[in-house]
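*Asks:* I would like the atomic coordinates for the input below:
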Amino acid sequence: MLSVRDIEVSYGKSRVIQGISFDVAQDEKLVIIGRNGVGKTTLLKSIVGLLSLNQGEISLFNENISKDKAFTRSQKGIAYVPQGREIIPDLTVQENLELGALAHKVDYAEKVEEIFEYFPILKDHLKRKGGVLSGGQQQQLSIARALMSNPKILLLDEPTEGIQPNIVMEISNILTRYHQEKGVPIVVVEQNLKFARKLGDRFLIIQRGQIVADGQIDELTDELSESYLSV
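*Replies:* Numbers count the residues shown, from 1 in each chain. Predicted coordinates for the structure are as follows:
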């Protein structure tokens, strides 16, 4: 499905990602964890095309997309929910959702009704501006907007940041249900271990731009997390 091979990414002269390789299968939910500043967000941005590779290769369905622009990767099926949500606050919920479908071959009316099955709260707030929604509602809107493109893979960066615990669990349930019903693989950068263990099938731990541990989610022990995640 998604293949990342020996990629290196830099900010200026500082090399942030140092030879990372992994695969994501169609039926997987992969959680990427690690301390702040270890390269998790940089890794996601390189996959979606917002940052260029120094070396290595990224493939989607065995097609090399390493040199594709971000909008081309989006059209090929990569959807991205950035850290901080980044909805457009002066647009209504409906307009934000319409923006998610823009430039994609989807039937808006049909797709939005499908999305409301997963995020019914958004249907109640269609005419409200995104900026007046609660943090949890904005996060749901951000995810829903990404799903409006009918993606083949979904990438999320810290979706639980600043969200109430009950909404965090609701988002986990929604993502799990969408994955199961639509067959869309999910890659999540996360620091909330409870969320990671509930959502993920498999994990990677990144430290200093390299993968230092990986395995099935039940192998993410407290001892392992304390070794790499505690301050």
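
*Asks:* okay, now the unreliable bits of this protein?
*Replies:* The model of the chain has pLDDT under 70 over residues 230-231.

*Asks:* would you map the helices across it?
*Replies:* Assigned by DSSP state H, the chain shows helices spanning 40-48, 70-75, 93-101, 108-118, 120-123, 135-147, 165-182, 193-199, 222-229.

*Asks:* those helices: which one's closest to Val212?
*Replies:* Proximity to Val212 (Cβ to Cβ) singles out helix 222-229 among those, at 6.2 Å. The C-beta positions use only the backbone N, C-alpha and C, and glycine is treated the same way.

*Asks:* name the residues of the closest one that are buried.
*Replies:* Buried positions in helix 222-229, judged by neighbour count with 16 or more other Cβ atoms under 10 Å: 225, 229.

*Asks:* starting at the chain centroid, how far to it?
*Replies:* Here helix 222-229 is found 23 Å from its chain centre; the criterion is Cα atoms, centre = their mean, to the nearest Å.

*Asks:* kindly report the same for stretch 158-178.
*Replies:* Counting by Cα atoms, centre = their mean, stretch 158-178 comes out at 12 Å from the chain centroid.

*Asks:* buried residues in that stretch?
*Replies:* 158-160, 163, 167-172, 174-176, 178.

*Asks:* check contacts around Val24.
*Replies:* Applying Cβ atoms under 8 Å, 6 or more residues apart in numbering to Val24 gives the contacts 1-3, 30, 153, 185, 187.

*Asks:* mind running it again at 6 Å?
*Replies:* Counting by Cβ atoms under 6 Å, 6 or more residues apart in numbering, Val24 touches 1-2, 30, 185, 187.

*Asks:* any idea how far it is from Leu60?
*Replies:* 10 Å (Cβ to Cβ, to the nearest Å).

*Asks:* overlap in contacts, those two.
*Replies:* Joint contacts of Val24 and Leu60 (Cβ under 6 Å, 6+ apart) are Leu2.

*Asks:* so which residue is dead centre in the protein?
*Replies:* Leu156 (1.6 Å; Cα atoms, centre = their mean).

*Asks:* how much space separates the residue nearest to it when sequence neighbours are not counted from Leu154?
*Replies:* What sits nearest to Leu156 in space, not counting adjacent residues and going by Cβ to Cβ, 6 or more residues apart in numbering, is Val81, at 4.3 Å. For Val81, the distance to Leu154 equals 7 Å [Cβ to Cβ].

*Asks:* next: Lys123.
*Replies:* 21 Å.

*Asks:* between these two, which has more neighbouring residues?
*Replies:* Leu154 (24 against 14; other Cβ atoms under 10 Å).

*Asks:* touching, that one and Ile186? I think so.
*Replies:* Yes: taking contacts as Cβ atoms under 6 Å, Leu154 lies within contact range of Ile186: 5.0 Å.
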